[in-house]
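# Kindly return the folded structure for what I paste below:
(2 chains)
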Amino acid sequence: MTLLTLEDVTRHVTLPDAPPLQILRGIDLAVDAGDRVSIVGRSGSGKSTLLNILGLLDQPTTGRMRFDDEPVLLMSARRRDRLRALSVGFVFQQFHLIEGLTALENVQMPLLYGSGTHFWRRDRLARDMLDRVSLGHRADSQVTTLSGGEQQRVAIARALVRSPRLILADEPTGALDLETGAQIMDLLESVARDSHAALVTITHDVNVAARAERMHRLDAGVLSPAEQVAEVAA
Amino acid sequence: MRVIAATFVEAIAQLRIHRVRVMLSLVGVAVAVAALTASVAMGDIVRQTSIESMEESSGRPATFGFSAYAMQGDPLDADALVEEAEAIAERYDIRYMSPVMWLGGVVQLGDVRTDAQVLGVGPDYQTMHRIELAEGRWFVDSDAERLAPPVIVNRDVMDMLGASSVDQHPTIAMPDGSTAVVVGVVEGAMYSGFPYLFALPDTAAALSGADPAYVQPTIEMWVPEESADAVQTMVTRDLRGAFPDAQVDSYRQDYAAYFDPANDPTAFVQQILLGISGVVLLLGALSLVNIAVITVRHRVRELGIRRAFGASLSRVFVGVMLESVVGTVVAGVVGIMLVVLAYRLLLVEQVLPLGLPGDLPAFPVWAAVVGLVVATAVGAIAGIIPAVVAVRSKVIDAIRF
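Here you go, the predicted structure:
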């Protein structure tokens, strides 16, 4: 079942005293439930903009985009917020945990915007999720006291605590060493597989990209499928 | 329900994270709410105390005084006047009625012979004038039959009698050779600094040494305010009918007949205090807005993260505003508690020239409610600007780095 489709999507921004800046051009992409997709690109290739569009944080300038077969461009901002709250989980390169909150409170945070069942059971759900990423014993620790790997595991727990159908990981290993990065990817893929969520990883690391079932390369705003790691790296 | 609860959870978490900043920014609000609550409470207490004091001296609304004097010949028979007044009270279902005689005289109090004020009153007088007793009891109907007539005195009389409590059964020698027994002690500013003695009318006349034939009581009646005018007319008419040769006068004597709240002497002071409180509140609110806006600008990334996880713009707006409201409500509660604590410690007694007739009045609940409502309103108004700043921040920029 197709979860998300983009057809001929473009994104440009208007600059003062300059022609419009084309960030994405003619993007075609389909993500099915349970898919493992990676998108590789250099800095400035439009990766983050594409991630924002996939996560309903930004809108295409032209083209068609459907989420659950519903046209995104016709959705109200409130509907997009709601859909994001129920269906999308983000994992960021810099973790983006909220300082001043504990690991448990960070994982609970998305549940404040989900369904009533999620909200009232937030403590149990968050603790279970922290257990799944082997951080149950650090639940009440301030996130600033955790190591980089632990912080990214908390971020993964936060992304997955609502059992989203789409996980968007933006450079999930970018701030970690190789070994920790590999462990985090193992964990991310394992948890995504267990919850039958689609995982879209945006990275500039070909090794991380190679772990996906389908690879794409983003170059100067143009997305193209890549069959081989060598192709991605080219 | 879920959205409200979740927004509160979020707001409280944010207040906890920024507790030092929040506490500093809310000091002004707490002080202002305390000042506001104190001035509202002070005005209310002074007004309430004044009213109680006035009720003590002139009766509760609506209290009427009826007097009857013989125009010529022998004085009017005081007993006949009282009996007629009792019959009229029963006829019109007037529940509270008392003869009142203010008699000056020289009384023998133990070894001391002194000028004193003797009041001849009936059992209802205590309720009609809110007389507070420090100890003992007030008069009852059966007291008229007692061989040793009861008297109620103030603390000055007790001191002259050398008695510390009515349990010692202090007595007063009457000019006619009989003995009166002290059964109660009144308290309050109105009855202090001079010997005061309350007695039933016959006893009062005897105690003061006045000639009963020339003692004319005033009849006081306490009636419902809504029927006051009609009752006054009927009672006056009936008294004139019963004593056609007498001059019968009636007048309303309680404070409500002459006390205009618009000319309340405490109102001016209260308005000045309210004005000062308002200025302090405004400064507190400006400080709150200032710090809240700066804080929100530093929270752009966190707000962006929340937006990424599904927080809608309205939710962010309400959340930021609610943080302000929760903060000011907490500050308001602290301010109100400080005022109540100061009040309980009786600091107010040294500040306010109340002349309290009895115990310190209860702290006015509505003053606390006013303080809380103002604190909430200030929080909501001061929260709007940072909330607008919060929803205008771009989520994509916020989570980029």
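# mind checking which helix or strand the residue in chain A positioned nearest to chain B is in?
As assessed by Cβ to the nearest Cβ, chain B sits closest to A:Ala85 within chain A, at 2.4 Å. No exception for glycine: its C-beta is placed from N, CA and C like everyone else's. Per DSSP states H and E: A:Ala85 is located in helix A:77-87.
# Show me how far that helix is from its chain's centre.
Centroid separation between helix A:77-87 and its chain, computed with Cα atoms, centre = their mean, to the nearest Å, is 15 Å.
# what's that helix packed up against?
helix B:313-344 (3 or more Cβ pairs under 8 Å, 6 or more residues apart in numbering or on different chains; DSSP states H and E).
# what does chain A have sitting close to chain B?
Within reach of chain B by Cβ under 8 Å from any Cβ of the partner chain, chain A has these residues: A:48, A:52, A:55, A:57-58, A:77-78, A:81-82, A:84-86, A:88-90, A:92, A:94, A:96, A:98-101, A:105, A:109-110, A:112-114, A:116, A:119-120, A:158.
# one more time with 7 Å
Within chain A, the positions lying close to chain B (Cβ under 7 Å from any Cβ of the partner chain) are A:48, A:52, A:55, A:57-58, A:77-78, A:81, A:84-85, A:90, A:92, A:94, A:96, A:98, A:100-101, A:105, A:109-110, A:112-114, A:116, A:119.
# which of those count as buried?
A:48, A:52, A:55, A:57-58, A:81, A:84-85, A:90, A:92, A:94, A:96, A:98, A:100-101, A:105, A:109-110, A:112-114, A:119 (16 or more other Cβ atoms under 10 Å in any protein chain shown).
# In helices only, show me the residues you listed.
A:Ser48, A:Asn52, A:Asp81, A:Arg84, A:Ala85, A:Glu105, A:Phe119 (DSSP state H).
# Just want the residue of chain B that's nearest chain A.
Closest point on chain B to chain A, by Cβ to the nearest Cβ, is B:Gly310, at 2.4 Å.
# would you list every one of the strands in chain B?
For chain B, the strands defined by DSSP state E cover B:63-70, B:96-109, B:112-121, B:133-136, B:150-153, B:171-173, B:179-186, B:196-199, B:218-222, B:246-252.
# try chain A
A:2-13, A:21-32, A:36-41, A:62-67, A:70-71, A:88-91, A:166-170, A:198-203, A:214-219, A:222-226.
# so which of these gets nearest B:Ala30?
For B:Ala30, the closest of these is strand A:88-91, at 39.5 Å, according to Cβ to Cβ.
# List the neighbouring strands of that closest one plus their orientation.
strand A:166-170 (parallel) (DSSP bridges).
# who are the neighbours in contact with the residue sitting nearest the centre point of chain B?
Using Cα atoms, centre = their mean, the residue of chain B that lies closest to the mean C-alpha position is B:Gln48, 3.0 Å off. By Cβ atoms under 7 Å, 6 or more residues apart in numbering or on different chains, B:Gln48 lies in contact with B:Pro361.
# What does the pLDDT read for it?
pLDDT for B:Gln48: 77.
# ok, now the one 5 residues further on?
The model reports B:Ser53 with a pLDDT of 81.
# residues touching B:Val27, list them.
No contacts exist for B:Val27 under Cβ under 7 Å, 6+ apart.
# so how far is B:Leu36 from it?
15 Å (Cβ to Cβ, to the nearest Å).
# Check which helices and strands the longest helix along chain A sits against.
In chain A, with assignment by DSSP H, the single longest helix is helix A:178-194. On a contact count with 3 or more Cβ pairs under 7 Å, 6 or more residues apart in numbering or on different chains; DSSP states H and E, helix A:178-194 meets helix A:148-160, strand A:198-203.
# Output the below-cut-off pLDDT ranges for chain A.
A:227-234 (pLDDT under 70).
# Let me know the angle separating the longest helix belonging to chain B from strand B:246-252.
Ranked by residue count and defined by DSSP H, the top helix of chain B is helix B:19-58. For helix B:19-58 against strand B:246-252, the angle by axes from the mean of the first three to the mean of the last three Cα atoms, to 10 degrees is 180 degrees.
# Show me how far helix B:19-58 is from its chain's centre.
14 Å.
# Now it: buried residues?
Applying 16+ other Cβ under 10 Å to helix B:19-58 flags B:21-22, B:25-26, B:28-47, B:49-56, B:58 as buried.
# Residue ranges in chain B under the pLDDT threshold?
In chain B, residues with pLDDT under 70: B:260-266, B:346-360, B:397-401.
# redo that, cut-off 50
B:357 (pLDDT under 50).
# how does it divide up, domain by domain?
B:2-56+B:261-398, B:60-253 (automatic domain parsing).
# Taking the centroid of chain A, which residue is nearest it?
Centre-nearest of chain A using Cα atoms, centre = their mean is A:Leu168, 1.3 Å out.
# right, and that one touches A:Leu50 too?
No: between A:Leu168 and A:Leu50 there is no contact under Cβ atoms under 7 Å: 9.7 Å.
# Close to chain A: what parts of the stretch 201-350 of chain B are there?
Residues of the stretch 201-350 of chain B lying near chain A (Cβ under 7 Å from any Cβ): B:Glu302, B:Ile305, B:Arg306, B:Ala308, B:Phe309, B:Gly310, B:Ala311, B:Ser312, B:Leu313, B:Arg315.
# which among the residues you listed end up buried?
Here, 16+ other Cβ under 10 Å leaves B:Glu302, B:Ile305, B:Arg306, B:Ala308, B:Phe309, B:Gly310, B:Ala311, B:Ser312, B:Arg315 buried among those.
# Tell me the one of these nearest B:Ala367?
Closest to B:Ala367, out of all of those and judged by Cβ to Cβ, is B:Arg315, at 35.2 Å.
# Report the contact partners of the residue nearest to B:Val181 when sequence neighbours are not counted.
Excluding the flanking residues, the one nearest B:Val181 by Cβ to Cβ, 6 or more residues apart in numbering or on different chains is B:Ala148, at 4.9 Å. Under the criterion of Cβ under 7 Å, 6+ apart, the contact list for B:Ala148 reads B:Thr179, B:Ala180, B:Val181.
# One more: B:Thr114?
Neighbouring residues of B:Thr114 by Cβ under 7 Å, 6+ apart: B:Val106, B:Val107, B:Met160, B:Pro195.
# Now for those residues: which two are most distant?
Across those (Cβ to Cβ), the longest gap, 12.7 Å, separates B:Val106 and B:Met160.
# follow-up on the earlier one: compare the contacts of B:Thr114 and tell me which is most surrounded.
Tallying neighbours with other Cβ atoms under 10 Å in any protein chain shown puts B:Val107 at the head of those, with 25 neighbours.
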